[in-house]
Each structure stands twice: as C-alpha cells, then as structure tokens.
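Student: all I have is the shape, not the residue letters:
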Ligand code: ADP
Ligand code: MG
C-alpha cells in the first residue's frame with residue numbers, strides 16, 4: 001500500500017513515538033513444557049495512534065497488552081513508554097478489560113470517581129470530572145444505580161469512564177466490546193472513536209473481530225498463533241466513519257480474513273493434536 005507521508009504536510013509536528021516494543025519474547029512454563037506466547041515482537045506506536053492487535057484466540061494478544069500495561073514482564077526484550085522502560089503498571093496507561101471490573105457495592109458515579117479518590121483529588125474536582133464523564137458517556141440518568149442494575153453495554157461504558165477519569169494518555173483495551181450485542185457494540189465503538197478524536201489518546205485495542213479492527217484502527221497489527229509474532233502491520237487509510245459496505249472496506253476485510261484464517265487453522269490443528277495426545 002503506497003500511502004506514506006500523506007498526512008505529514010498538514011501536521012504541525014510529526015507525532016512522536018509513545019510506545020515501543022523491542023525484541024519482546026514471553027514464555028510461559030506450564031505443566032513441564034514451555035508455551036512461547038510472544039516471540040521477537042517489535043512494534044512502534046506513535047502518540048495519538050489507534051492500533052488494533054488482531055488474531056485468533058491464543059496468539060498472544062492479551063499477553064502483549066498485559067506486558068505493555070506492566071502486569072506481566074516480558075521474558076526478553078524491552079517495552080518503552082515515552083522512552084522509559086515499563087516495569088510496573090502506571091497512571092500513564094489505563095486498562096479496560098473485557099470483563100467490566102466494576103465494584104458492585106459502588107454506584108456508577110462512585111465507580112467512575114474511585115481512581116480519583118485514590119489519587120486524593122479534591123471532592124469538588126472529583127464531582128466535576130465525574131459529571132463530565134457521565135455526560136460524555138450518556139450515563140447521566142444512571143449515576144446512582146449499581147452495576148447489577150445495568151446492561152452489559154452500560155457497564156462497559158462505566159468501565160471506560162472510570163479509565164478516562166484518570167486521564168491516562170494511553171488506553172489499553174482487551175476485547176472490551178467482545179461480550180456485547182452487535183448494536184451496542186457499534187454504539188460504543190462510535191463513542192470510543194468520538195472520545196479518541198476529542199482527547200487525542202493513544203489506543204492499543206485487542207480484538208479478534210476483523211470488522212471491528214477495520215472500523216476502528218489507524219493500523220491493524222495481525223498476529224500469528226504460537227509463537228505469537230507480528231504477521232502483518234496494515235495501515236487503514238479510509239476516512240471515518242467507515243462504511244462497512246464500501247469496496248475498500250471489503251477488500252481489506254478479505255485480505256485480513258485470509259491472514260487470520262491461516263492462524264486460525266494452526267490453532268485448530270494444535271487443538272486436534274492436544275486432544276489426540278490425551
Ligand atoms: P489471546 O489473548 O490472543 O487469546 P493470550 O495472550 O491469552 O492469547 O495467550 C497466548 C498463549 O499463552 C496461549 O497459548 C495461552 O494459553 C498462553 N498463556 C497465556 N497466559 C498464560 C499463563 N499465565 N500461563 C500459561 N500460559 C499462558
Ligand atoms: Mg486475550
């Protein structure tokens with residue numbers, strides 16, 4: 001795809017590197033054998049970029065995201081955020097999980113403000129910030145509800161608002177919309193894009209949905225299955241909102257489906273092997 005320097009002339013300054021993954025391996029020792037979850041991962045993400053990690057189950061997407069988050073150190077290699085090695089989780093990286101990890105005993109507003117209480121921000125400031133986020137994520141009418149009274153989509157909105165409250169420059173999202181129905185998913189994708197464009201965060205978003213990756217990302221990074229490596233790094237140039245029915249969208253969908261299918265097949269063969277070995 002010949003698309004280089006298309007936007008460079010209109011940018012006042014070239015976006016700087018924010019996340020750099022260099023030569024990262026991750027090996028898990030389980031039940032007497034090693035699982036090479038990641039091998040030789042090199043990935044550079046610029047400030048403000050929206051990057052999707054795409055691949056079938058088991059190809060190391062979460063492992064890579066967790067390493068960037070600082071939850072699981074790599075076995076080899078280094079991860080830099082703003083030039084500093086990642087050693088532990090930090091306030092510069094906010095994580096949104098597939099399972100909306102909300103506190104059931106707190107209301108929506110309390111959940112959103114929780115991280116700010118920990119930071120010992122003033123009560124006035126917390127109220128203001130929570131209020132802004134309630135509006136931004138269309139949660140105003142639910143501020144005093146508890147998570148158990150909310151739909152999956154609403155709960156995920158609260159989880160996103162809670163991470164946005166911390167104002168981390170980097171959002172790490174692990175299949176955040178995976179459990180939602182198609183309509184709710186699209187609404188939240190649009191809201192995420194709107195917020196991303198508004199506040200200019202860097203987003204690293206894990207998904208196994210090809211369509212979701214094309215709809216959202218500036219770049220789709222396709223991973224291989226065991227060992228997890230980077231198979232292809234594809235730039236998506238279509239203007240947003242992207243039309244899933246357009247020829248360009250569908251051409252890219254076909255290309256990515258081919259790449260993902262090859263890995264899916266390796267995953268299936270692995271499963272068959274493990275079953276017949278028992
Ligand atoms: P994905 O998110 O792409 O589905 P994961 O990153 O969760 O993949 O897993 C990649 C590989 O590493 C899988 O084969 C998985 O079984 C293995 N794995 C992940 N976490 C652990 C762990 N804590 N211990 C052992 N193996 C793990
Ligand atoms: Mg995963």
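Tutor: Yep, that arrived. Note that the structure is predicted; figures quoted are calculated from it, not measured. Residues are numbered from 1 along each chain as shown. Ligands and ions are numbered 1, 2, ... in the order given.
Student: and residue 257, how far is that from ligand 1?
Tutor: Noted for residue 257: a distance of 17 Å to ligand 1, by CB to the nearest ligand atom, to the nearest Å. To be clear about C-beta, it is placed using only N, CA and C from the backbone, and glycine gets the same treatment.
Student: could you do residue 62 as well?
Tutor: 3 Å.
Student: repeat for residue 273
Tutor: Residue 273 is 13 Å from ligand 1, by CB to the nearest ligand atom.
Student: so in terms of bridging, what pairs with the spatially most central residue of the chain?
Tutor: Most central in the chain under CA atoms, centre = their mean is residue 205, positioned 1.9 Å from the mean C-alpha point. For residue 205, the beta-bridge partners are residue 52, residue 173 (DSSP bridges).
Student: isn't it right next to residue 51, touching?
Tutor: Yes - Residue 205 is within contact range of residue 51, at 7.0 Å (criterion: CB atoms under 8 Å).
Student: any shared contact partners between those two?
Tutor: By CB atoms under 8 Å, 6 or more residues apart in numbering, residue 205 and residue 51 have these common neighbours: residue 217.
Student: what about residue 88, how many residues nearby?
Tutor: Residues near residue 88, counting by other CB atoms under 10 Å, number 8.
Student: and what of residue 181?
Tutor: Neighbour tally, residue 181, other CB under 10 Å: 11.
Student: ok, it to residue 156 distance?
Tutor: Using CB to CB, to the nearest Å, residue 181 is found at 12 Å from residue 156.
Student: same deal with residue 139?
Tutor: 11 Å.
Student: higher neighbour count, these two?
Tutor: Using other CB under 10 Å, the more surrounded residue of residue 139 and residue 156 is residue 156, with 26 against 21.
Student: so the residue nearest to the centre of the chain versus residue 28, what's the distance?
Tutor: If you go by CB to CB, the gap between residue 205 and residue 28 works out to 23 Å.
Student: what about the stretch 151-278 of the chain, any weak spots by pLDDT?
Tutor: 277-278 (pLDDT under 70).
Student: all strands for it, in order.
Tutor: 170-174, 202-207, 219-223, 230-235 (DSSP state E, counting those that start in this stretch).
Student: can you check the stretch 1-150 of the chain too?
Tutor: Going by DSSP E, counting those that start in this stretch, the stretch 1-150 of the chain shows strands at 17-30, 33-46, 50-54, 76-81, 84-85, 93-96.
Student: could you list the contact residues of this protein toward ligand 1?
Tutor: Residues of the chain lying near ligand 1 by CB under 6 Å from any ligand atom: 28, 30, 35, 37, 55, 57-63.
Student: circling back to that earlier point, out of the strands of the stretch 151-278 of the chain, which is the most enclosed?
Tutor: strand 202-207 (a mean of 24; mean count of other CB atoms under 10 Å).
Student: list the contacts of it.
Tutor: 18-19, 45-54, 61-62, 65, 68, 169-178, 192, 196, 213, 216-217.
Student: quick one, it and strand 33-46 angle?
Tutor: 140 degrees (axes from the mean of the first three to the mean of the last three CA atoms, to 10 degrees).
Student: measure how strand 202-207 sits relative to strand 76-81, angle-wise.
Tutor: Going by the same axes, to 10 degrees, strand 202-207 makes 130 degrees with strand 76-81.
Student: how far off centre is strand 202-207?
Tutor: 3 Å (CA atoms, centre = their mean, to the nearest Å).
Student: quick check: the farthest pair among the residues of the chain next to ligand 1?
Tutor: 30 and 55 (20.1 Å; CB to CB).
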